Structure formats: structure tokens, C-alpha cells
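Asker: Task: produce atomic coordinates for the following.
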Amino acid sequence: MSKIHSITARLQQGVRHILKGAAVAGLASLAAGIVATPALAQTAAPEAPKELRIGYQKYGTLVILKARGTLDKRLAEKGVKVKWTEFPFGPPLLEAINVGSLDVGTVGEAPPIFAQAAGADLVYVGNEPPAPTAEALVVPKDSQIKSVADLKGRKIAVAKGSNANYLLIKLIEKAGLKFSDVSVVYLAPADARAAFESGRVDAWSIWDPFLAAAEKQLGARVLADGRGAVANHQFYLAARSFAEKHPEIIHILLDEIAKVDQWGKQNPKEVAKFIAPLIGIELPIAELAAQRLTYGVKPVTDEVLAQQQKVADAFAELKLVPKPVRVADAAWKNSRK
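Answerer: Predicted coordinates for the structure are as follows:
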């Protein structure tokens, strides 16, 4: 009996030893886990890109930003080179973002709608205030056309998918006409001007600085501008993959745009002197266009996205885009609101 008690005592002692060892091992594993978890949770921040590829047009804040070189200098400190590429208008710029040739760029209201409808994975990262007078529907100086309603049955040039395309839609609607009541000729700005000068079209829906050039050089008469019809925001858009992977680079870009905006707002005459040689236009043209610029880049709000949805719905109703677009799908989650 004493042997049994002895064996039992040794077994119990062994079990206690095993359990104690297991507990110690478990605590050690737990402690190791606690120590290791932060290291695992702290995933390395993505490396800064070697290059930021920006698309810009022949006008606006990005032209000044490029010339001043402040963005290039700031990003150089992070080892990021800035590559600038000029585009004649918005749609080809956004297509370049879509195919991976650009990371970010600036366009008007309509191009993002066409890009989304075509499946481009873009996000709105910022916008300038409305500038309704910076685009207009013009006619030759000696034209007998006195109102938008007089354009029924006439030919109108416009760049397809541009902000001026949306302006034309809204002005025709406001005049009580149907879009089918006019003959729309889709032309890039340079070709549209040639058609306008030669009389092959009766009117032209266009934006600055092409608008200011037509007024100053051709004596073009403004039939109607965007007031009471459109907002005419300028948007900054980025490839979703780039914006999500490198939000700090996008924020630096927007910070530098804001600085240029502040300078431009305080120095409108200097803006004209600055941009005239940069984009190859005469000073009087630059001065007229600069008067219609608006400044103050902001994060894109729900209200602005709702306005963009109206643009999208207008193009969808006219079947100018292949499918309806939900603008909110292109909202940027990392926006500073």
C-alpha cells in the first residue's frame, strides 16, 4: 500500500511538473507573442515612389506650380522626381492615367465621367472653386445669331467629353431646345478654332485660354457663359492605386497647389505675366483668362460629388457615355476633410 502511495505521489509530482512546465512554456509563448505582435502589426510603410508623373493642361494652377519648381524641390528631398506632361484637353489626360502613364492630373467636370464610364479606376483628390465664366459658347463677331435658341439646326464645335461639352448640354437645355436640335461637331480645341475661323461651324463651346484667345484675336462674341448653368470646377484626379499607396505624396502635391493658389489670388496681374510666356500666348489674352481663374484648392466634398453626379446623369441620359456612372465610387478615402 505504501508503494502505491509512493508511486501515486511520484505521478502527481510528475504531472505537476509537466503542468508547471507547460504553463511556463505557455506564458513564454504568450510573452513572445505580445512582444512579437507589434513587430508584425507595424508593417513597413510603402517606399516613396521614385517618380510622380503629372499631367497638366495649357492653363491653370499646375502651369504655375511647374514653373515655380516648388513641388519638384520638396519632393526631391524625399528622393522623388517629378515628370510633367502637357495635354491639349482632359479626356486624353485621364486616359493616360488609366493606362498607367500618369499618376495624377487636372481636368474639368466632364472628363472624369467619361473616364469612369470607360472603366478607369480613378479618384477625386481635390478641386478648385467654381469658375463659370471661364468657359462659354461663342459665335463669330459678325454672326446674326443673338441667342442660344437661334442655334437650332446650326453646327456647334466642342471637344467631346470636355467641360465645355457639359456646358453646351446645359445651355441648350436652358434655351428650351433638345440636344438633337443642334448639330454637334466634336473637335479638339485647335481643330475647332480652325473650323470656327473658316465658318465651317456656327458656334464654339470652349474654355480658357482658348476662349480668351478667340475673344481677343478673332473678336468672338460670347453668346452665353456658364453662369446659371454650370459650376465648372477644376478637379485633381489620381490613379486609385497610386493615391492609396502614396497618400502622403498626394497631400504634398495639394499643399503646394494651395500655396500657388494663395499667391495667385493675391497677384492676378502677376499670374498673367507669369503664364503668358509659359503657354505661348499674348499678355492681353493671359490677362483676360487670369481674371476668370478661381483659387482655393479643397478636398472634394459630398456636395461637390453630388454636383458631379448631375453631370454624369446628363451624359447618361443623352447616351453620350456607354453606361450610367456612380460618381461616389471615385471618392478618395484619404482626403483631408
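Asker: which residues of the stretch 201-337 of the chain score low on pLDDT?
Answerer: Within the stretch 201-337 of the chain, the stretches with pLDDT under 70 are 335-337.
Asker: That one: strands as residue ranges?
Answerer: With DSSP state E, counting those that start in this stretch as the criterion, the stretch 201-337 of the chain has strands at 203-207, 221-225, 235-239.
Asker: what's the last one in contact with?
Answerer: Where contact means Cβ atoms under 8 Å, 6 or more residues apart in numbering, the residues beyond strand 235-239 that reach it are 94, 97-98, 100, 102-109, 112, 115, 121-128, 250, 253-254, 257, 297, 300, 330, 332. The way it works is simple: take the backbone N, C-alpha and C, and place the C-beta from them, glycine included.
Asker: about what we covered before: looking at the strands of the stretch 201-337 of the chain, which is buried most?
Answerer: For the strands of the stretch 201-337 of the chain, ranked by mean neighbour count under the definition mean count of other Cβ atoms under 10 Å, the leader is strand 203-207 at a mean of 28.
Asker: what lines up beside that one in the sheet?
Answerer: Each strand that pairs with strand 203-207, with its direction, by DSSP bridges: strand 135-139 (antiparallel), strand 155-158 (parallel).
Asker: These: which one's closest to Tyr186?
Answerer: The stretch from the strands paired with strand 203-207 with the least distance to Tyr186 (Cβ to Cβ) is strand 155-158; that distance is 6.6 Å.
Asker: For the closest one, report the contacting residues that lie outside it.
Answerer: By Cβ under 8 Å, 6+ apart, the surrounding residues in contact with strand 155-158 are 137, 164-165, 168, 182-187, 192, 195-196, 200-206.
Asker: any chance of the strands paired with strand 203-207 in JSON lines, with mean neighbour count, distance to Lys310 and mean pLDDT too?
Answerer: Written out in JSON lines, the entries for those read as follows (neighbours: other Cβ atoms under 10 Å; distance: least, Cβ to Cβ, whole Å; pLDDT from 0 to 100):
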{"stretch": "strand 135-139", "mean neighbour count": "25", "distance to Lys310": "17", "mean pLDDT": "98"}
{"stretch": "strand 155-158", "mean neighbour count": "22", "distance to Lys310": "19", "mean pLDDT": "98"}
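Asker: With distance to Ile275 added, can I get the ones you listed in TSV?
Answerer: Conversion of these to TSV gives the following (distance: least, Cβ to Cβ, whole Å):
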stretch	distance to Ile275
strand 135-139	17
strand 155-158	24
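Asker: Might you report the residue contacts of Ile97?
Answerer: Taking Cβ under 8 Å, 6+ apart as the contact definition, Ile97 lies against Gly55, Asp103, Val104, Gly105, Ala115, Ala120, Leu122, Leu237, Ala238, Ala239.
Asker: if you set the cut-off to 7 Å instead, what comes out?
Answerer: By Cβ atoms under 7 Å, 6 or more residues apart in numbering, Ile97 lies in contact with Gly55, Gly105, Ala120, Leu122, Leu237, Ala239.
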